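Participant: my questions are about this predicted structure, shown below with the sequence.
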Amino acid sequence: MAAITFDTLKFANTLKEAGVSAAQAEAEAMALSEVLEINLKELATKEDLKHEADGLRRDMREMEQRLTIKLGAMLAFAIGLVAALVKLL
């Protein structure tokens with residue numbers, strides 16, 4: 001996963017310039033940094049999405065093959081049934 005950086009010093013300095021106390025600004029910067037680190041661990045990347053899309057494509061090809069086989073079997077059965085009915089009538 002690509003690393004996402006969060007500049008805690010810049011964030012704390014921005015808070016200090018806005019009038020927040022230094023201790024509170026630093027505490028907020030550290031808390032936000034931890035929250036981002038925890039929540040971004042589960043974030044999907046382009047690689048994750050590509051891997052899932054490849055899996056879905058593979059599943060779709062397999063399903064297409066199964067459906068083709070089933071359709072062929074149904075057609076063969078229908079042709080056999082029609083042939084049998086023609087002989088009987």
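Facilitator: Structure received. What you see is a predicted model; the values in this text were computed from it and never measured. Numbers count the residues shown, from 1 in each chain.
Participant: going forward, measure contacts between C-alpha atoms and count neighbours the same way
Facilitator: Will do.
Participant: okay, and for the protein, where does confidence drop off?
Facilitator: 1-3 (pLDDT under 70).
Participant: domain ranges for it?
Facilitator: Domain segmentation of the chain under automatic domain parsing yields 1-43, 55-89.
Participant: quick check: which of these is buried the most?
Facilitator: domain 1-43 (a mean of 13; mean count of other C-alpha atoms under 10 Å).
Participant: I'd like the distance from that domain to the chain centre, please.
Facilitator: Chain-centre distance of domain 1-43: 27 Å, with C-alpha atoms, centre = their mean, to the nearest Å.
Participant: state which helix of the chain is the longest.
Facilitator: helix 46-88 (DSSP state H).
Participant: reformat the domains of the chain as CSV; add distance to residue 49.
Facilitator: Output for the domains of the chain, formatted as CSV (distance: least, C-alpha to C-alpha, whole Å):
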stretch, distance to residue 49
domain 1-43, 11
domain 55-89, 10
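Participant: which residue lies nearest the spatial centre of the chain?
Facilitator: Ranked by distance to the mean C-alpha position of the chain (C-alpha atoms, centre = their mean), the top residue is residue 49 at 4.8 Å.
Participant: quick one: that residue from residue 60, how far?
Facilitator: Per C-alpha to C-alpha, to the nearest Å, residue 49 is found 16 Å from residue 60.
Participant: could you do residue 72 as well?
Facilitator: Going from residue 72 to residue 60 by C-alpha to C-alpha gives 18 Å.
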